[in-house]
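1. following is a predicted model, sequence given first.
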Amino acid sequence: MGGFSIHTVELMRLTQRKSDCEYRISLNAMEIMALTREQSELSQEYYSRLQGKNIAYYANGKYNQMDYGYLMGYSCNTLNTMETNPNMLKSDYSMVLTDMNGLVVMNNTYANVMKKVLGASCLDADGRGGTFSTDKIPAMIAEMAGAPCTEDKVKDVIEGGTLDYSYVTTTKKTGSQEVVSTGNVHDASDTFTSKIESIVKFFYPIFMAAASNGWTTEYNREMESSDSNYISDALVSGVFNLEQVDTAGNYKPDASLSYFTTAGLVLEKTDSSVREAVTAWYNAQKEELNEKETWLNMQQTQLSTELEVCTTEIQQLEQKLQDDVSSFEIKA
């Protein structure tokens with residue numbers, strides 16, 4: 001019976017080993033399937049990028065690369081920043097950046113302001129924030145403006161009249177001449193109130209849209225770590241959208257990327273200069289996927305060989321056990 005016991009233990013060990021191989025082969029097969037999908041998605045993205053479409057905006061006599069600052073403000077537009085860099089370039093304050101679900105895309109500066117005013121729990125685990133009372137907006141704008149701006153001062157501006165989202169036109173005297181200038185901020189010679197008005201006019205539609213539709217920070221890592229084409233690429237692919245906000249914070253149904261393009265606020269253009277960079281990016285990504293595929297296929301081959309060996313040894317042991325049982329029965 002000693003040989004019978006040894007064979008039984010060995011059979012149990014081999015059976016476990018076979019089961020482990022089968023499980024690992026199954027996992028590898030799923031990874032290979034996922035890799036195939038990744039390769040397909042990479043090819044689709046590559047050919048989409050090869051079209052070379054860029055979203056740009058026109059300012060200062062040239063076409064400029066679309067970025068978050070243009071659409072949503074240069075980080076935190078404090079009063080001090082306005083003194084040194086008074087250019088909020090966006091000509092239509094009602095145009096805001098959203099994701100495909102209509103959530104306003106907020107960077108970390110916005111997120112910190114929102115958490116300070118609404119509380120840290122205003123974001124869920126995925127980095128999304130829900131709708132909130134518009135009563136909170138003055139406090140948020142005051143935080144964006146910075147000292148000495150206060151929530152009460154922002155309220156005074158909001159309650160002082162209708163906030164239109166168009167350019168601000170100012171008239172200034174230079175000697176005996178009057179100079180009419182159009183822009184959406186005032187220079188350092190303007191009053192404190194006029195600077196607050198400019199800040200309110202810029203940020204009010206953004207916060208109104210967030211209050212009515214919700215907001216998200218889930219793209220911040222990509223926006224900060226990706227190349228400078230991220231916003232443009234996301235607009236082309238449909239990950240991001242441009243929405244036009246009305247005074248109630250709702251999106252106008254007929255506004256879209258094509259609407260803003262037709263209105264001359266942004267430009268969708270083909271840029272052949274991106275093809276070389278896109279091809280280099282594609283080749284690097286493809287090489288990485290190929291290396292992963294090679295490794296997975298090698299693992300699959302090794303596991304298949306090991307499984308075949310286990311199966312053969314199990315069959316041999318089962319035969320030996322059957323012989324042992326037959327021999328035992330004869331002796332009995």
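-> Done, it's in.

2. which residues in this protein form strands?
-> 53-59, 62-65, 95-99, 104-105, 128-129, 168-174, 177-183, 215-216, 240-244, 267-270 (DSSP state E).

3. what helices and strands are in contact with the second one?
-> Based on contacts counted as 3 or more CB pairs under 8 Å, 6 or more residues apart in numbering; DSSP states H and E, the elements that strand 62-65 packs against are strand 53-59. C-betas here are computed from N, CA, C, even on glycine.

4. list the buried residues of the strand it packs on.
-> 53-57 (16 or more other CB atoms under 10 Å).

5. can you check stretch 277-291 too?
-> Neighbour-count burial for stretch 277-291 flags 278, 281-282 (criterion: 16+ other CB under 10 Å).

6. stretch 240-251 now?
-> With burial defined by 16+ other CB under 10 Å, the residues of stretch 240-251 counted as buried are 240-245, 249, 251.

7. show me where pLDDT drops low in the stretch 51-200 of the chain?
-> Within the stretch 51-200 of the chain, the ranges that satisfy pLDDT under 70 run 51-52, 74-89, 161-191.

8. ok so, going back, got a markdown table for the buried residues of stretch 277-291, with pLDDT and distance to residue 201 too?
-> Formatted as a markdown table, the buried residues of stretch 277-291 follow (pLDDT from 0 to 100; distance: CB to CB, whole Å):
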| residue | pLDDT | distance to residue 201 |
| --- | --- | --- |
| 278 | 75 | 38 |
| 281 | 81 | 39 |
| 282 | 85 | 43 |
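
9. those residues in helices, which ones?
-> 278, 281-282 (DSSP state H).

10. out of these, flag the one nearest to residue 128.
-> Nearest to residue 128, judged by CB to CB, of those is residue 281 at 29.0 Å.

11. ok so, going back, can I get the ones in helices among the buried residues of stretch 277-291 in a markdown table with distance to residue 95?
-> Putting those into a markdown table (distance: CB to CB, whole Å) gives the following:
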| residue | distance to residue 95 |
| --- | --- |
| 278 | 27 |
| 281 | 29 |
| 282 | 32 |
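
12. now do the contacts for residue 57.
-> Residue 57 makes contact with 63-64, 66, 70, 89, 265-267, according to CB atoms under 8 Å, 6 or more residues apart in numbering.

13. can you pull out the helices in the stretch 201-332 of the chain?
-> 220-225, 230-237, 257-262, 274-331 (DSSP state H, counting those that start in this stretch).

14. what sits up against the second one?
-> Counting by CB under 8 Å, 6+ apart, helix 230-237 makes contact with 45, 48-49, 53-56, 65-68, 71, 97, 219, 222-223, 240-242, 257, 268, all of which sit outside it.

15. now find how far off-centre that helix is within its chain.
-> Distance of helix 230-237 from the chain centroid (CA atoms, centre = their mean, to the nearest Å) equals 10 Å.

16. quick one, that helix and helix 274-331 angle?
-> With axes from the mean of the first three to the mean of the last three CA atoms, to 10 degrees applied, the angle from helix 230-237 to helix 274-331 works out at 80 degrees.

17. buried residues, helix 230-237. List them.
-> Using 16+ other CB under 10 Å as the test for burial, helix 230-237 gives 230-236.

18. just put those in a markdown table and tack on pLDDT and distance to residue 13.
-> Output for these, formatted as a markdown table (pLDDT from 0 to 100; distance: CB to CB, whole Å):
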| residue | pLDDT | distance to residue 13 |
| --- | --- | --- |
| 230 | 87 | 54 |
| 231 | 90 | 58 |
| 232 | 88 | 59 |
| 233 | 85 | 54 |
| 234 | 89 | 54 |
| 235 | 89 | 59 |
| 236 | 83 | 57 |
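
19. so which of these comes closest to residue 135?
-> Of all the buried residues of helix 230-237, residue 135 sits closest to residue 231, with 31.0 Å by CB to CB.

20. please name the nearest non-neighbouring residue to that closest one.
-> residue 66 (5.1 Å; CB to CB, 6 or more residues apart in numbering).

21. so how far is residue 109 from that neighbour?
-> Separation of residue 66 from residue 109 (CB to CB, to the nearest Å): 19 Å.

22. of those two, who's got more company?
-> Taking other CB atoms under 10 Å, residue 66 and residue 109 do not tie; residue 66 has more neighbours (27 against 16).

23. so the more buried one is in contact with residue 58, correct?
-> No. Using CB atoms under 8 Å, residue 66 is not in contact with residue 58, being 11.1 Å away.

24. count of residues packed around residue 20?
-> 14.

25. then residue 202?
-> Residue 202 is flanked by 20 other residues according to other CB under 10 Å.

26. now residue 209
-> Other residues near residue 209 number 25, with proximity taken as other CB under 10 Å.

27. could you find the closest non-adjacent residue to it?
-> residue 245 (4.6 Å).

28. columns distance to residue 214 on top of the helices of the stretch 201-332 of the chain, output as TSV?
-> Output for those, formatted as TSV (distance: least, CB to CB, whole Å):
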stretch	distance to residue 214
helix 220-225	16
helix 230-237	18
helix 257-262	21
helix 274-331	32
